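1. Need a 3D model of the sequence below.
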Amino acid sequence: MIKRLPIFAVASLVMVVSACSPRQGAVADDPFERLNRSSHAFNKGLDRNILSPLSKTYTDVVPDPVEDSVSNFARNLSLPGKVVNNVLQLDLSSAARNTRKICTQQHRRFGGAVRSLPKNWACGKKH
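-> The predicted model follows:
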């Protein structure tokens with residue numbers, strides 16, 4: 001029984017790997033190739049002509065503390081999704097940590113934009 005195990009493992013590996021390869025002579029036919037290529041060209045043009053100059057102007061004009069506040073606010077907006085992901089993966093310690101971040105960052109500092117609230121005003125405070 002033990003001697004057959006390596007043979008079974010190799011045979012299983014060969015079957016799994018061969019199932020992932022295309023059949024001989026097969027050509028990948030993408031019915032949306034024309035649409036994909038035109039969408040890609042549009043996106044590249046939009047990025048080159050509008051988004052890149054706009055982002056460069058933003059970083060040149062807006063002061064660094066304001067940029068940091070906007071970045072903090074945007075980063076905090078992703079936390080609820082991270083909490084759901086942590087719970088689904090049963091990583092409850094990370095879920096609790098991210099929930100605490102939501103409470104303290106979003107409410108106490110209003111996403112990093114307001115820093116004048118009292119320091120002791122926070123949910124999830126350690127006792």
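2. Would you list the phi and psi of Ser78?
-> phi -80, psi -10 (degrees, to the nearest 10).
3. Please report the distance of it from Asn36.
-> Using C-beta to C-beta, to the nearest Å, we find Ser78 at a distance of 28 Å from Asn36. From N, CA and C alone the C-beta is placed, and that goes for glycine too.
4. again with Asn49
-> From Asn49 across to Asn36, the span is 20 Å (C-beta to C-beta).
5. Same question for Leu51.
-> Using C-beta to C-beta, Leu51 is found at 20 Å from Asn36.
6. Report the residue spans of the protein with pLDDT below the cut-off.
-> Applying pLDDT under 70 to the chain flags residues 1-5, 19-23, 25-27, 105-127.
7. quick one: the helices in it?
-> Counting by DSSP state H, the chain has helices at residues 4-20, 33-46, 52-61, 64-77, 79-88, 92-101.
8. Just put the ones you listed in a markdown table and tack on mean neighbour count.
-> Formatted as a markdown table, those follow (neighbours: other C-beta atoms under 10 Å):
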| stretch | mean neighbour count |
| --- | --- |
| helix 4-20 | 9 |
| helix 33-46 | 10 |
| helix 52-61 | 10 |
| helix 64-77 | 13 |
| helix 79-88 | 14 |
| helix 92-101 | 15 |
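9. any idea how far the residue positioned nearest the centre of the chain lies from Val87?
-> Taking C-alpha atoms, centre = their mean, the centroid of the chain lies closest to Ser78, which sits 8.4 Å from it. Using C-beta to C-beta, Ser78 is found at 15 Å from Val87.
10. Cys103 too?
-> Applying C-beta to C-beta to Cys103 and Val87 gives a distance of 16 Å.
11. now Asn49
-> Distance from Asn49 to Val87, by C-beta to C-beta: 42 Å.
12. again, but for Asn76
-> 18 Å.
13. quick one: the nearest residue to Ile102 once chain neighbours are set aside from Val17, how far?
-> Excluding the flanking residues, the one nearest Ile102 by C-beta to C-beta, 6 or more residues apart in numbering is Leu79, at 4.9 Å. As judged by C-beta to C-beta, Leu79 and Val17 stand 40 Å apart.
14. If anything else comes up later, I'll come back, but that's it for now.
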